[in-house]
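**Student:** predicted model follows, preceded by the sequence.
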Amino acid sequence: MHIIDRYIFKAHIQPYFFSISIITFVFVMDFLFRYLDLFIGKGVAFLVVLEFFILSLGHMFALIIPMSVLPSTLMAFGQLTSGNEITAMKSSGISLYRIIFPVFVASFLLFLGQVHYQNVILPESNHRFLNLYLDIRKMKPTLEIKENIFSSAIQGYTILVKQKNDKTGEIRDVQIFHKTKGNIPTTIIADHGKMYYVYEDNALRFELEDGEIHEMPDPKDISTYRKTLFNHFTLNMKDVDRSLARSERSHRGDREMTVRMMLDRVKEKEQEIEGYRQTMHIGGADRMIEQLSKAAPSLSKERPGGEKERIIPDHSASVKARMADRPEKKIIHDLESAARIIDSSKRMISRYQVEIHKKFSIPFSCIIFVLLGAPLAIRSGKKGMTISIGFSILFFLVYYMFLISGEKLADRQFVSAWLAMWAPNIILLLAAGLLTWSTVRESQTINWAKFNLVKKWRSR
């Protein structure tokens, strides 16, 4: 590697990792805001939370790594420009293409690494992440019973405790509302008692003292009301296990599949569509004709040679009456059902094709952002870094807006999958090519002075 190549490459390392750290911080904060309530409400253990977070980094880095290329390129080339190092290189006869070349090679290697990551690592990470997320969602909520707050954490019970000692488990002024299997409302009131968890029985136990039990087996008949006084009463609320039950899903969504898996699914769906089309053709129109011919009264006439020919008369009123409740209604229903299945299969194929193209189009943005960021930073010069960062934010918004909109349009079959996923790359690649070419020629992409009519009028 040439000494200039090493120098330019080293100038990009620190800005790139700085960009990754900043963007990762933004994604992590979004992660916390999105899932914090889930962890608190379910009482998830710290190690499970840590595992969940590590698995979530899978889909985060699929976007963070390409997103970090543009700001790091702007910062690196902006520093080289502000230190007049780009000018010195040009004065030594080194072209802009040669200056960008080492970063371009690095972005190409990053593109290859991202393709492997998106196709091999990310699907498995997404699969494990979704498995764990669904398992956490199935967990029972925490049994955190607070003073003077109604708690419905245990299904079928509503608990109100006026005073509570977290160290000893002692409670005072207790009210427990419960509906039994027969939908009989029961109210338990106690002056004081104790609450603790029995691990071997997987139950929350209440040892209540000096209280009353109010029941009404038939809520519509007040005469069934009964009141029971007690000095000591033990209530076990069973099946309150809050542990995480691990499970493994065999089904995988489109974002949990490799390219090979999705191509196989596309082939299966295409075969399914072809099968239903043949069924519609053979079992639809032909069967309809067959049913009509069987239901219609036949006439016969002699053919030469004594053979009889069956004649199907025109649709007369008697035939229409007979056909009113005949099997063609079921045939029409089957045809409509087959058409719906074909449409659903086409939509699934579009989704798979979108994900396949996405695994290549997003990594390819690493190359485009280098070709876009380098000339943009060089043209901005010493005083243009703020403008350059503003442009990078604009390009990000445009790129991902096109990407998300294209994905939705492709899923609804309004545009083809390849065009939806590659259109942002094509547009930005053309812009990057024009910007690089004009920077090499040291000319402005658009000469705004020619359009500044106000300035010309003032000069006159």
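**Tutor:** Yep, it's here.
**Student:** now do the helix or strand hosting residue 332, average pLDDT.
**Tutor:** According to DSSP states H and E, residue 332 maps onto helix 328-380. Across helix 328-380, the average pLDDT comes to 86.
**Student:** one more: stretch 410-425?
**Tutor:** Here the average pLDDT along stretch 410-425 is 88.
**Student:** repeat for stretch 147-167
**Tutor:** On average, stretch 147-167 scores 84.
**Student:** please spell out which residues along that stretch are buried.
**Tutor:** Of the residues in stretch 147-167, 151, 153, 154, 157, 159, 160, 161, 164 count as buried by neighbour count, 16 or more other C-beta atoms under 10 Å. C-betas here are computed from N, CA, C, even on glycine.
**Student:** nearest to residue 259 among those residues?
**Tutor:** residue 153 (44.8 Å; C-beta to C-beta).
**Student:** and that closest one, how close does it get to residue 159?
**Tutor:** Distance, residue 153 to residue 159, by C-beta to C-beta, to the nearest Å: 8 Å.
**Student:** who touches both of these two?
**Tutor:** Here residue 153 and residue 159 share the contacting residues residue 145, scored by C-beta atoms under 8 Å, 6 or more residues apart in numbering.
**Student:** ok, and what's touching stretch 123-131?
**Tutor:** 52, 55-59, 247-249, 252-253, 255-258, 261.
**Student:** for stretch 66-74, that is, sorry about that
**Tutor:** For stretch 66-74, the surrounding residues in contact (C-beta under 8 Å, 6+ apart) are 12, 15-16, 18-20, 23, 103, 107, 110, 114, 362-363, 365-366, 369-370, 372-374, 376-377, 385, 388-389, 392, 395-396.
**Student:** list buried residues within these.
**Tutor:** 12, 15-16, 19-20, 23, 103, 107, 110, 114, 362-363, 365-366, 369-370, 372-374, 376-377, 385, 388-389, 392, 395.
**Student:** so, low pLDDT: which residues of the protein?
**Tutor:** Low-confidence segments of the chain, defined by pLDDT under 70, span residues 1, 41-43, 140-144, 180-183, 239-245, 279-329, 331, 381-393, 442-460.
**Student:** mind listing what the residue nearest in space to the middle of it touches?
**Tutor:** By C-alpha atoms, centre = their mean, the mean C-alpha position of the chain lies nearest to residue 255, the distance being 8.0 Å. Residue 255 makes contact with 59, 122, 123, 126, 355, according to C-beta under 8 Å, 6+ apart.
**Student:** ok, now how distant is the last one from residue 264?
**Tutor:** Same thing as residue 355. 13 Å.
**Student:** would you map the strands across the protein?
**Tutor:** Counting by DSSP state E, residue ranges of the strands within the chain are 157-164, 170-179, 185-198, 203-215, 226-238, 299-302, 308-311.
**Student:** in JSON lines, list the ones you listed along with distance to residue 402.
**Tutor:** Formatted as JSON lines, these follow (distance: least, C-beta to C-beta, whole Å):
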{"stretch": "strand 157-164", "distance to residue 402": "51"}
{"stretch": "strand 170-179", "distance to residue 402": "54"}
{"stretch": "strand 185-198", "distance to residue 402": "54"}
{"stretch": "strand 203-215", "distance to residue 402": "54"}
{"stretch": "strand 226-238", "distance to residue 402": "54"}
{"stretch": "strand 299-302", "distance to residue 402": "66"}
{"stretch": "strand 308-311", "distance to residue 402": "63"}
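**Student:** to residue 27, which of the ones you listed lies closest?
**Tutor:** That would be, of the strands of the chain and by C-beta to C-beta, strand 185-198, which comes in at 37.1 Å.
**Student:** list the strands paired with the closest one, with their directions.
**Tutor:** strand 170-179 (antiparallel), strand 203-215 (antiparallel) (DSSP bridges).
**Student:** residue 434 is nearest to which of the ones you listed?
**Tutor:** Comparing the strands paired with strand 185-198 by their distance to residue 434 (C-beta to C-beta), the top pick is strand 203-215, with 69.2 Å.
**Student:** could you chop the chain up by domain?
**Tutor:** According to automatic domain parsing, the chain comprises the domains 3-138+357-430+439-449, 157-238, 254-299+306-350.
**Student:** mind checking which of these is nearest residue 145?
**Tutor:** domain 157-238 (5.7 Å).
**Student:** that older thread, most tightly packed of the domains of the chain?
**Tutor:** Counting by mean count of other C-beta atoms under 10 Å, domain 3-138+357-430+439-449 has the highest mean neighbour count of the domains of the chain, with a mean of 17.
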